[in-house]
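**Student:** Here is my input; please provide its structure:
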Amino acid sequence: MDLLRSLPLGLYLEQPVTWLHHLDPRVKLAWLMSFLLWPVLANPGFRVALVGVLILITLAARIPRRVWKQQLGWPLFFCALILAISAVAPDGIPGEYQHRFPADELSFSQQAPPTTTPPERHPWYDPLGWWSERTAVVPKTTAPSLPQPTSYRYVLFEQGPVKITRYSLELGIRVSTLFFTLIYSTNLYLLTTAPESITAGLEDVMQPLRWFKLPVTEIALTLTLSLRFIPLVMEEIQNLSRSIQTRAINWKKLGFRGALKVWSIVAERLLENLLMRAEQIACAMQVRGFTTPDTHRVEWHQLRLHRGDAIALFFLVGGWVARAIWGWQA
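**Tutor:** Numbers count the residues shown, from 1 in each chain. Below is the predicted model:
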């Protein structure tokens, strides 16, 4: 399925098997939730550190370059573009407003009317005052420039129309690192965790919900079937798109109504094929005696914590300690 393999995000890497593949899905789920929660109310330095940790994990897992170049390149480029635009953009619009009434309205209404002063008489040799205006000494009212007491500068860079301030740069770092952490941490989890492992881990984590009479096993089974059904959907879309390409349809001659009619027929055919595939899966489960998930369970994976999982949990606790000490927003 070329269409599914060409997708840049959300793929599962079957080969080679890295140490991330061997970790328990519950431990990886805990790491994923931590990466989603750590940026909340965190300072920009800690957010940048999270991006570095994700990149180091990718390189330490020895994921092939052909994979991480596509999986890591697009989110990194997109977030770098967000950082550049946010840093150059103005950090705010100055608002100027004027009060409707004077600040000291009472004293303003009680003050005496201004007295008119008689105009100044010019000497006899300069009746129009031209010579006096040229020779008059205007006192300097500009204050002397004082040296900056500290090294703090609000404007970090200013060259022509480009102006980078502390607020705009901090805003760009927050937005770009938040997008990268949310997108790539989820993508790395899907890249190194099989769909069956994801559902098994979620089912084990959701066990306390049984106290509220929620069908946890049915939810996990539905999630498993939906994840397994995605490749079938992509395969049907690819087959229909190739069938349209081989017929060499002239879309210009068809017009808008003709093209809409063709695409409606294609969508109807796609829906029929998907319903047929779903019916085939249901028949296959019934033939094998699968009646309910509780009576006929299929154990995909045996969830057991190993030494690598203990090390990963130790570093996870260290990450939360670092977040509690140095990660708070100032």
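**Student:** Show me this structure divided up by domain.
**Tutor:** If you go by automatic domain parsing, the domain ranges for the chain are 1-92+154-193+302-330, 215-299.
**Student:** Just the residues contacting the strand or helix carrying Ile325, thanks.
**Tutor:** According to DSSP states H and E, Ile325 maps onto helix 307-326. Contacts of helix 307-326 with the rest of the structure, by Cβ atoms under 8 Å, 6 or more residues apart in numbering, involve 19, 22-24, 27, 30-31, 34, 38, 42-43, 45-46. Yep, even glycine has a C-beta here, placed from its N, CA and C like the rest.
**Student:** Closest one of those to Trp263?
**Tutor:** Sorting those by how near they are to Trp263, with Cβ to Cβ, puts Trp31 at the top with 42.8 Å.
**Student:** Please tell me how far the closest one sits from Asp24.
**Tutor:** Remark: distance between Trp31 and Asp24 (Cβ to Cβ, to the nearest Å) = 11 Å.
**Student:** Please apply the same query to Leu303.
**Tutor:** According to Cβ to Cβ, Leu303 stands 6 Å off from Asp24.
**Student:** okay, and the common contacts of those two?
**Tutor:** Counting by Cβ under 8 Å, 6+ apart, the common neighbours of Leu303 and Asp24 are Gly201.
**Student:** winner for burial among the domains of the chain?
**Tutor:** Between the domains of the chain, domain 1-92+154-193+302-330 has the highest mean count of neighbours, a mean of 15, where neighbours are mean count of other Cβ atoms under 10 Å.
**Student:** tell me, what's touching Trp31 and Asp24 both at once?
**Tutor:** With Cβ under 8 Å, 6+ apart, Trp31 and Asp24 have no common neighbours.
**Student:** Tell me the gap between the longest helix seen in the chain and the middle of its chain.
**Tutor:** For the chain, the longest helix by residue count, based on DSSP state H, is helix 251-287. The chain centre lies 34 Å from the centre of helix 251-287; the measure is Cα atoms, centre = their mean, to the nearest Å.
**Student:** Now it: average pLDDT?
**Tutor:** pLDDT averaged over helix 251-287 equals 85, rounded to a whole number.
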